[in-house]
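Asks: Pasting the sequence and the predicted coordinates here, then a few questions.
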Amino acid sequence: MVELRHPFDRHAPTASTAVGMLHYAKLYYMDILTSRFPQQSVNLDLSRDSDMWDDTTVWLQPNARLDLDRPLTVEEVKQTLKTMAKGKSPGVDGLTVKFYVANWAAFGPALVDIYNEVLVGGKLGKGMTHGVISVLFKKGDKAEVRNWRPISLLNVSYKILAKALARRLSRFLPELVEKDQGAFVQGRSIFNNIVTAIETLEVVQKENLDTAILLLDLEKAYDKVGWTFVLTTLRKMGFSEGFCACIIDMYTYSTSSVMINGHLSARSLRQGCPLAPLVFVLQLEVLLNRIRKHPNIRGLRLHTGEECKVKALADDLLAVSENSVSSLAALKGVMLEYSELSEASVNWTKSVFLLPEQFVLRVEWGMRRVEPGEEERFLGVLISLQLEMSTQGLLLQQRIAARLKTWEVTWHLSLLGRALVANVALFSILWFVSTVRELATGIIRAVKRLVGRFIWKPRARLTEGFISKVAMDTLSFPRSKGGLGLSDPARRNQAQLRNWVAKLATLTSREHWVGTAEQILMSEWSLSRPQDVWDCFFIPSFHKKRLKSRFWEPIRKAWNRLPPDLQSSPTTKDEVLMQLLFENPAVTDRNGHPFKADGSTGSFGQAWVKRGIVRISDLWSKLLGCWKPPADIKQQLRGLQRVEENWRHLIQGIPQEWRSLLGPEGVDPEDTWYVPDQAAEPGMLWKVKVILPSGFRRIERWRCESPANVLTLVEQDTIFSWSNPSQARVLEVRGRSASTLSLTWVGRLPLNQLCVDPLAWSWSAGAGEEKALRIGEYSVAQGYQQLSRKLKSPAQVAIPRWQAIWEEDLPDAEAEFERLWESLSNLPNGKSL
């Protein structure tokens with residue numbers, strides 16, 4: 001830092017000395033980090049004079065409260081220390097994580113005793129709670145202090161306690177924080193909120209809705225929030241006084257100094273820690289709950305009856321509001337109330353909104369409008385209402401080119417080293433955006449050329465040519481197979497996009513992005529029911545159709561390129577009822593051909609699917625235990641010809657063993673899971689262990705624990721009256737250790753209400769693979785590997801050349817080549833190659 005302007009006084013002179021810059025920085029951080037109400041006690045209950053907390057109705061469960069309050073153990077703190085990054089800068093005492101790890105046996109127990117004293121009302125030493133705020137440049141004018149990001153350097157002794165408490169609290173955070181918040185909560189994904197924003201903009205634009213999407217800037221909210229507000233929130237959520245006292249000691253009595261160019265200011269400020277993000281998310285939930293439940297704030301209404309009103313990633317807020325004075329005024333009123341109570345504030349001049357071109361925002365708050373044809377960054381991805389060509393890909397290409405300049409001095413690296421740099425430092429720039437956006441062919445080609453030049457001619461300028469000695473596809477194979485393990489951005493992008501369909505099979509609960517997707521695709525495919533959208537991804541005639549959606553068309557293309565090719569045979573009544581009627585190899589006409597849904601002459605499947613007859617369950621009456629009469633089908637398909645004849649052909653085309661299983665003589669196998677009446681037994685599942693000759697069933701009763709839907713055995717029982725409850729899908733999930741297994745109830749819904757059954761569809765095993773890949777087990781890495789199967793391996797490329805040289809066949813050469821490359825890849829030092 002060379003110079004710094006006064007943060008508030010434009011007429012003050014610019015500081016260029018260390019003392020002057022420290023003074024200006026201190027003034028700025030004192031303003032944002034110290035309370036506007038210093039006279040307020042942290043024990044003041046703000047909820048007595050405000051109903052802001054009335055919409056927050058979740059509480060910490062008693063067992064969770066006890067777990068947070070129990071004393072720390074030496075082993076627990078030791079495990080916490082092991083999870084902490086080793087290369088971080090230390091605090092003012094200079095003691096690093098490595099120091100504590102190496103000397104844990106000497107003073108670990110004494111340190112744990114100090115921590116436990118704090119948990120029962122003791123105080124941390126002043127040295128432990130003092131930190132240093134170092135500043136890191138972001139972008140813009142370097143003389144403007146607001147363009148420098150504050151980084152807190154904390155003593156490791158303090159961070160160990162904060163990390164231990166954070167690890168405890170993180171287990172219970174998913175129960176206290178709704179899925180609209182995508183940050184700092186286990187199991188949450190930032191991409192779900194990004195996709196919701198993209199889809200919401202598509203719906204608003206396509207349906208021409210007078211609805212505004214607002215990107216609100218909470219100015220330094222993470223630093224400004226008042227601890228009186230935080231502690232009121234914690235107490236309202238059921239946290240104990242002991243835990244709150246610990247928070248008070250760790251935060252309200254802590255101090256920091258500002259460091260600029262190696263110089264420290266005097267003590268004055270407070271700072272964050274590993275626990276702070278979780279506490280911040282908890283207090284922000286009060287605001288989000290207020291917006292969600294406010295009757296006058298009207299968001300985007302989905303077909304499920306839900307309203308999408310707000311999404312957040314820490315303090316980055318996206319609000320969706322009907323463009324009316326009443327709705328927008330209610331939204332601003334909530335924001336102002338939150339600002340007044342919490343001391344955080346909305347910077348309206350930095351906030352923006354998107355609205356269809358023909359509408360005008362009904363209020364004037366100083367927000368900037370994102371015009372049609374413009375893009376705005378949301379959580380790292382450019383979004384817009386109406387744009388033919390995005391500049392996102394070009395920006396990524398420019399970032400990679402700029403990053404390459406910093407690696408120009410590393411031309412001395414080995415070929416393997418440059419390949420590693422390409423993966424970790426260059427291609428990795430793409431992966432965040434490529435999760436939700438298709439990378440244009442031209443961008444991929446340009447990026448590959450940049451990387452290829454770095455691999456083969458690292459000292460060359462960007463305008464110089466180079467010769468690729470080996471094809472990029474060959475280099476993408478692992479080192480053990482003769483390649484360099486170089487990533488292929490095109491295949492990776494395709495695997496990432498396909499994951500949006502595959503992940504539907506393992507959702508723990510429905511989210512807004514699923515509802516908005518159904519709304520978009522239902523319109524695209526002219527369907528009458530939203531739930532049929534996901535079945536269409538398994539009907540070739542539908543997933544081959546081009547879509548207009550800018551988000552879902554790339555996903556459809558990626559899915560259509562390699563859809564699952566294996567379908568599991570049903571073994572239960574509900575599994576039979578979920579089978580597709582059309583383009584299902586198991587359901588055929590008298591000539592053995594599946595019933596088409598492509599709209600061709602003589603086919604009727606497309607019209608039936610569009611009117612809501614997709615699965616066998618659409619022809620079956622579960623209440624009556626028989627096929628629905630033709631009259632009911634005709635009423636649903638009014639206007640179509642030959643309905644009764646086609647109905648008869650479909651039923652005859654269903655395999656006899658499936659029809660028998662549906663009949664009164666059909667019985668589901670033992671170990672099948674069922675959903676009992678949730679009004680009588682909420683959150684419970686039955687697992688049938690034995691079916692007695694009398695028809696009675698011996699069952700195990702399992703309780704489902706939110707939010708991961710993990711099952712716990714409660715008791716065994718006998719059911720005397722069987723009312724044909726719906727089946728549930730339960731999966732075994734492996735924990736972090738290979739020996740840890742848990743049972744989870746997929747979606748916490750009956751099987752027939754899941755978007756995709758995780759066990760129904762699979763991809764055939766490739767060469768060298770032991771088993772087929774089920775859709776519920778899909779990952780981006782496995783999808784990438786699937787797309788590599790059609791490529792020629794390095795051995796397959798090399799063998800014809802060697803055969804031409806030796807003028808003879810080399811039948812076992814492929815195995816020999818791979819053994820050679822595997823042995824080379826196991827050498828201890830890659831540079832020696």
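Replies: Thanks, I have it.

Asks: so where's the protein uncertain?
Replies: Across the chain, the ranges flagged by pLDDT under 70 are 29-41, 220-223, 253-254, 256-272, 388, 735-739, 828-833.

Asks: Mark out where each domain of it begins and ends.
Replies: 18-316, 392-496, 498-659, 673-758, 799-832 (automatic domain parsing).

Asks: So which of those domains is nearest Trp365?
Replies: With CB to CB, the closest approach to Trp365 among these belongs to domain 18-316: 9.2 Å. In this view, the C-beta of every residue, glycine as well, is placed from N, C-alpha and C.

Asks: Can you give me the neighbour number for Leu214?
Replies: 23 (other CB atoms under 10 Å).

Asks: Also Tyr784?
Replies: Tyr784 has 19 neighbours, counted by other CB under 10 Å.

Asks: returning to what we had before: can you redo the domains of the chain as JSON lines with distance to Ser793?
Replies: Listed next are the domains of the chain as JSON lines, based on distance: least, CB to CB, whole Å:
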{"stretch": "domain 18-316", "distance to Ser793": "32"}
{"stretch": "domain 392-496", "distance to Ser793": "6"}
{"stretch": "domain 498-659", "distance to Ser793": "19"}
{"stretch": "domain 673-758", "distance to Ser793": "30"}
{"stretch": "domain 799-832", "distance to Ser793": "8"}
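
Asks: So which of those is nearest Leu379?
Replies: domain 18-316 (5.3 Å).

Asks: Out of the domains of the chain, which gets nearest to Phe378?
Replies: domain 18-316 (5.5 Å).

Asks: any idea how far that closest one is from the chain center?
Replies: 20 Å (CA atoms, centre = their mean, to the nearest Å).

Asks: So what would you say the end-to-end distance of that domain is?
Replies: 33 Å (CA to CA, to the nearest Å).

Asks: Over to stretch 531-551?
Replies: The straight-line separation of the ends of stretch 531-551 (CA to CA) is 19 Å.

Asks: From the contact counts, what lies against the host helix or strand of Arg403?
Replies: According to DSSP states H and E, Arg403 maps onto helix 392-406. Secondary-structure packing of helix 392-406 (3 or more CB pairs under 8 Å, 6 or more residues apart in numbering; DSSP states H and E): strand 381-383, helix 428-434, helix 441-456.

Asks: Can you tell me which helices and strands the helix or strand immediately after it in the chain packs against?
Replies: Per DSSP H and E, the first helix or strand lying C-terminal to helix 392-406 is helix 415-421. Counting contacts by 3+ CB pairs under 8 Å, 6+ apart, helix 415-421 packs against helix 441-456.

Asks: Go again with 6 Å.
Replies: Taking 3 or more CB pairs under 6 Å, 6 or more residues apart in numbering; DSSP states H and E as contact, there are no helices or strands that helix 415-421 lies on.

Asks: what's next to it, contact-wise?
Replies: By CB atoms under 6 Å, 6 or more residues apart in numbering, the list of residues contacting helix 415-421 from outside reads Trp407, Ile455, Leu484, Leu486, Gly830.

Asks: Going along the chain, name the helices of the stretch 651-800 of the chain.
Replies: 656-662, 780-787, 794-806 (DSSP state H, counting those that start in this stretch).

Asks: how near is the most centrally placed residue in the chain to Thr391?
Replies: Central residue of the chain (CA atoms, centre = their mean): Ser189, 2.0 Å from the mean position. From Ser189 across to Thr391, the span is 25 Å (CB to CB, to the nearest Å).

Asks: Let me know the secondary structure of Arg546.
Replies: Going by DSSP: H, G, I helix; E, B strand; the rest coil, the secondary structure assigned to Arg546 is coil.

Asks: tell me the SS of Arg510?
Replies: Of the three states, Arg510 takes coil according to three-state DSSP.

Asks: For it, give me phi and psi.
Replies: Main-chain torsions, Arg510, degrees, to the nearest 10: phi -70, psi 140.

Asks: count of residues packed around it?
Replies: For Arg510, using other CB under 10 Å, the count is 20.

Asks: Please apply the same query to Ala12.
Replies: Per other CB under 10 Å, the neighbour tally for Ala12 reads 13.

Asks: how near is the nearest residue to it once chain neighbours are set aside to Lys224?
Replies: Spatial nearest neighbour of Ala12, excluding adjacent residues (CB to CB, 6 or more residues apart in numbering): His6 at 3.6 Å. To Lys224, His6 is 20 Å away according to CB to CB.

Asks: Counting neighbours around each, name which of those two comes out higher.
Replies: Comparing His6 with Lys224 by other CB under 10 Å, the one with more neighbours is Lys224, at 20 against 17.

Asks: Go ahead and confirm that one touches Ala344.
Replies: Yes - shown here, Lys224 and Ala344 form a contact pair, counting by CB atoms under 6 Å, at 4.9 Å.

Asks: Starting from Pro277, give me the distance back to Pro90.
Replies: Plainly put, Pro90 is 21 Å away from Pro277 if you go by CB to CB.

Asks: And for Val97?
Replies: Val97 is 19 Å from Pro277, where distance means CB to CB.

Asks: Check Pro664 too.
Replies: Distance from Pro664 to Pro277, by CB to CB: 57 Å.

Asks: again with Glu770
Replies: Distance of Glu770 to Pro277, computed by CB to CB: 41 Å.

Asks: For these two, indicate the residue with more neighbours.
Replies: With neighbours defined as other CB under 10 Å, Glu770 and Pro277 compare such that Pro277 has more, 17 against 5.

Asks: The closest residue to the more buried one other than its chain neighbours and Glu657, how far apart?
Replies: Spatially, and ignoring its direct neighbours in sequence, Pro277 is nearest to Phe184 (4.5 Å; CB to CB, 6+ apart). Distance from Phe184 to Glu657, counting by CB to CB: 50 Å.

Asks: more neighbours, the two?
Replies: Taking other CB under 10 Å, Phe184 and Glu657 do not tie; Phe184 has more neighbours (20 against 12).

Asks: Wait, the more buried one touches Leu282, no?
Replies: No - when contacts are counted by CB under 6 Å, Phe184 is not listed as touching Leu282 (9.6 Å).

Asks: what residues does stretch 768-782 touch?
Replies: In contact with stretch 768-782 (CB under 6 Å, 6+ apart) are residues 495-496, 499, 502, 505-506, 564, 566, 758, 761-765.

Asks: Let me have the residues you listed in JSON lines, adding distance to Ala12 as columns.
Replies: Below are those laid out as JSON lines (distance: CB to CB, whole Å):
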{"residue": "Ala495", "distance to Ala12": "55"}
{"residue": "Gln496", "distance to Ala12": "50"}
{"residue": "Asn499", "distance to Ala12": "53"}
{"residue": "Ala502", "distance to Ala12": "58"}
{"residue": "Ala505", "distance to Ala12": "60"}
{"residue": "Thr506", "distance to Ala12": "57"}
{"residue": "Pro564", "distance to Ala12": "66"}
{"residue": "Leu566", "distance to Ala12": "72"}
{"residue": "Pro758", "distance to Ala12": "63"}
{"residue": "Trp761", "distance to Ala12": "67"}
{"residue": "Ser762", "distance to Ala12": "69"}
{"residue": "Trp763", "distance to Ala12": "66"}
{"residue": "Ser764", "distance to Ala12": "71"}
{"residue": "Ala765", "distance to Ala12": "71"}
